[in-house]
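> Return atomic coordinates for the entry below.
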Amino acid sequence: MSDKIFVADKETLDKVYNLLATEPVYGFIEHNAILAPGERIEYIGVNKNFKPISVTMGGGYSLNDWADFPWLKANKPYMVKSDGTPAYRLKETDYTKKEDGTASDVSNADFDGGAFSWGMKIYKREYMAGDDRVVLFRFEAADGFEPVGFIDPDGNELEGVWIPMFYGATTGETESEKMRSIAGTQPQHTVNTEKQKAAIDKVGNRAAFFGGPITNTLVDLEIMFAKTTNLQAAYGQGNCSGYDASATPTMGVLMNNVVGGGQFYGTSDGKSLNKIFHSIVLGSYQIWCRDPYLLAVNGRFKVSPNYKYDLDGTTYQDTGITVPDDAEGWDQNKNKFTYPSFYRTVPHFGNLPAETMTGGSTVTGGCDGLWRHKPSEVFVAVSLRFGRCACGATCGGRSLHFTDAAGDAYWGFGSALLLFPPVGATA
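Coordinates of the predicted model:
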């Protein structure tokens with residue numbers, strides 16, 4: 001992945017687009033200068049003339065020209081053991097059953113592992129062309145392409161990763177409980193980063209926080225398939241407005257329940273569980289998912305491209321992106337909320353809001369909210385992703401929260417569990 005920024009003239013770009021149309025490369029350009037979310041995304045490569053995926057609110061979807069895309073065809077739901085090996089595949093439209101129709105373990109809290117969907121390895125090339133962000137995908141290695149999100153902490157290239165179908169949960173009250181991705185459980189909350197990490201570590205050495213580079217790759221796939229940055233409009237609003245102060249202590253965060261309908265399920269009521277790639281974590285936006293692989297260290301974004309864990313960020317990659325120290329608009333806690341419109345490539349990781357970090361809205365630019373802390377303050381913020389049930393339309397695949405330290409615990413802060421398969425293993 002290139003970290004160089006260049007401005008290409010129209011003739012050069014036309015040649016590139018024509019070449020991509022004949023190569024097994026899929027992709028899009030995000031035109032940062034265009035705020036309208038549908039016009040902002042331009043298809044290039046094999047998919048230049050594809051019809052995007054469409055999700056019907058309340059049930060149903062069509063993959064349209066993406067129906068034969070290998071990544072989507074491989075994205076199946078499984079019960080997976082804690083060592084990252086699949087136990088068996090689940091019925092796609094009813095996770096309470098195995099493929100053969102017999103009862104599954106999707107709600108069995110004693111199952112050694114949990115429910116996950118397969119995210120097969122895909123190679124990605126991402127770079128800036130002037131103000132535009134170019135994102136390309138292919139399934140075979142090639143110069144300039146990297147398996148972003150598919151490198152484990154030991155540096156091994158994986159054939160895929162296991163995407164959590166449910167939010168991380170612990171079924172007991174003791175700190176010795178391990179994290180689970182199981183239906184019929186309440187998403188874990190009011191727990192700080194270290195306790196979440198301890199629960200994940202108890203799963204085994206193939207477990208990590210669901211965050212880091214894979215989340216950026218998945219969101220870019222969402223953008224590509226829907227051909228828009230308004231992901232809530234494309235895939236459903238989820239439980240982004242389900243806040244209920246009387247529902248102590250969860251305040252409207254719903255249980256990890258099975259949602260039917262297959263790979264995608266979207267609703268527009270703002271109070272329901274939704275799915276993207278079989279995962280309610282990607283589609284529901286009801287509780288922030290802590291991501292310690294993305295930090296804001298005194299306003300400077302630092303990242304872990306291979307899931308190594310360092311809450312100080314001293315060993316992390318410096319993105320070169322600093323939160324602007326705006327003169328006005330900070331609240332009494334030195335925090336500020338904005339809608340980003342400009343996203344810049346971060347080598348080996350994906351992309352992050354950059355430049356002024358403003359200019360969008362809930363329906364323009366990136367279409368999702370950004371909470372940030374004043375960079376002149378000495379403060380290390382651990383990122384939170386996606387949103388919570390009191391955030392409404394500011395939630396989304398790109399929503400980011402950088403105003404809380406690792407030790408903070410709150411009803412709206414949860415997490416999810418990522419599993420790595422053994423090296424060389426496929427679903």
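
> Would you mind listing the residues in contact with Phe264?
Counting by CB atoms under 8 Å, 6 or more residues apart in numbering, Phe264 touches 53, 55, 61, 235, 275-277, 283. Every residue, glycine included, has its C-beta placed from N, CA and C.

> Closest one to Pro86 out of those residues, please.
For those, the residue nearest Pro86 by CB to CB is Phe277; the value is 16.2 Å.

> separation between that closest one and Asp331?
36 Å (CB to CB, to the nearest Å).

> ok, now Arg125?
For Arg125, the distance to Asp331 equals 39 Å [CB to CB].

> Would you mind naming the residues that bridge with Ser279?
With DSSP bridges as the criterion, Ser279 is bridged to Ile276.

> That one contacts Ser117, doesn't it?
Yes - with contact defined as CB atoms under 8 Å, Ser279 counts as touching Ser117 (6.1 Å).

> Mutual contacts of the two, please.
Residues touching both Ser279 and Ser117 by CB under 8 Å, 6+ apart: 163, 165.

> nearest spatial neighbour of Tyr410, skipping sequence neighbours?
Distances taken as CB to CB, 6 or more residues apart in numbering place Thr190 nearest to Tyr410, at 6.3 Å, with adjacent residues excluded.

> swap that for Phe111, please
Residue nearest to Phe111 in three dimensions, not counting chain neighbours: Asp105, with 4.3 Å by CB to CB, 6+ apart.

> mind listing what that neighbour touches?
79, 87, 111.

> Among the residues you listed, which lie within strands?
Mapping the contacts of Asp105 onto strands (DSSP state E) picks out 79, 87.

> Give me the buried subset of the contacts of Asp105.
Buried subset of the contacts of Asp105 (neighbour count, 16 or more other CB atoms under 10 Å): 79, 111.

> Quickly run through the sheet partners of the strand ranked longest in the chain, with directions.
Counting by DSSP E, the longest strand found in the chain is strand 288-297. Strand 288-297 pairs in its sheet with strand 300-303 (antiparallel), strand 380-385 (antiparallel), strand 413-414 (parallel), by DSSP bridges.

> next one: it to chain centre, how far?
12 Å (CA atoms, centre = their mean, to the nearest Å).

> Please work out the average pLDDT along stretch 125-144.
The average pLDDT within stretch 125-144 is 95.

> Any buried residues in that stretch, and which?
Residues 125-129, 132-139 are the ones in stretch 125-144 that count as buried (16+ other CB under 10 Å).

> need the contact list for Phe301.
Per CB under 8 Å, 6+ apart, neighbours of Phe301: 294-295, 319, 321-323, 346, 352.

> Skip the chain neighbours and tell me the closest residue to Val323.
Closest residue to Val323 apart from its sequence neighbours, by CB to CB, 6+ apart: Gly299 at 4.1 Å.
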